[in-house]
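**Student:** sequence unknown, structure follows:
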């Protein structure tokens with residue numbers, strides 16, 4: 001991530017998913033526990049891969065594995081917020097894709113949390129990275145923003 005994603009708003013992202021918070025997501029301080037932010041990131045990435053890439057982890061001969069993740073906390077979120085989780089494709093490699101992510105609270109103009117996840121396509125039999133192929137690359141390209 002080369003730019004400060006805190007400055008980004010919802011329109012800077014190409015894929016969105018609303019995720020309700022749960023009572024047990026809050027910690028003793030009354031806001032979402034740090035690990036919940038990562039679960040929210042995981043939720044939008046998995047939903048994107050299932051819906052757009054049509055990835056089926058149970059029967060696929062190749063799947064994806066997260067090899068890097070980062071979360072920056074800018075503003076506390078808490079139950080009963082309905083979170084707008086946002087995603088865009090930042091970089092497409094031969095076997096990897098970098099997703100930039102943001103979480104917005106109900107009234108937030110600016111992101112409450114930002115981060116990224118690097119996913120690598122892996123052959124399930126060998127456990128080694130494998131090319132994502134042109135078809136997947138074309139789908140990922142639809143979710144990038146023009147430079």
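**Tutor:** Perfect, thanks for sending it. Please read these numbers as outputs of a predicted model, since none were measured by experiment. Residues are numbered from 1 along each chain as shown.

**Student:** max-length helix in this protein?
**Tutor:** helix 34-51 (DSSP state H).

**Student:** now the helix or strand that that helix is followed by against helix 34-51, angle please.
**Tutor:** Once the chain leaves helix 34-51, the next helix or strand it forms, by DSSP states H and E, is strand 62-73. Here the directions of strand 62-73 and helix 34-51 differ by 140 degrees (axes from the mean of the first three to the mean of the last three CA atoms, to 10 degrees).

**Student:** list the buried residues in strand 62-73.
**Tutor:** 62-64, 69, 71 (16 or more other CB atoms under 10 Å). No exception for glycine: its C-beta is placed from N, CA and C like everyone else's.

**Student:** which parts of this protein are strands?
**Tutor:** 15-20, 62-73, 82-92, 96-104, 113-123 (DSSP state E).

**Student:** ranking those strands by burial, who's on top?
**Tutor:** Across these, averaging neighbours per residue (mean count of other CB atoms under 10 Å) puts strand 96-104 on top, at a mean of 24.

**Student:** look up how far residue 125 lies from residue 132.
**Tutor:** Using CB to CB, to the nearest Å, residue 132 is found at 17 Å from residue 125.

**Student:** the two: which is more packed in?
**Tutor:** Neighbour tally, residue 132 and residue 125, criterion other CB atoms under 10 Å: the higher count belongs to residue 132, 22 against 8.

**Student:** rewinding a little: in CSV, list the strands of the chain along with mean pLDDT and distance to residue 45.
**Tutor:** Converted to CSV, the strands of the chain look like this (pLDDT from 0 to 100; distance: least, CB to CB, whole Å):
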stretch, mean pLDDT, distance to residue 45
strand 15-20, 97, 10
strand 62-73, 95, 8
strand 82-92, 98, 7
strand 96-104, 97, 6
strand 113-123, 97, 6
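
**Student:** who does residue 68 bridge with?
**Tutor:** residue 118 (DSSP bridges).

**Student:** residue contacts, it?
**Tutor:** By CB atoms under 8 Å, 6 or more residues apart in numbering, the contact list for residue 68 reads 116-118.

**Student:** thank you, goodbye.
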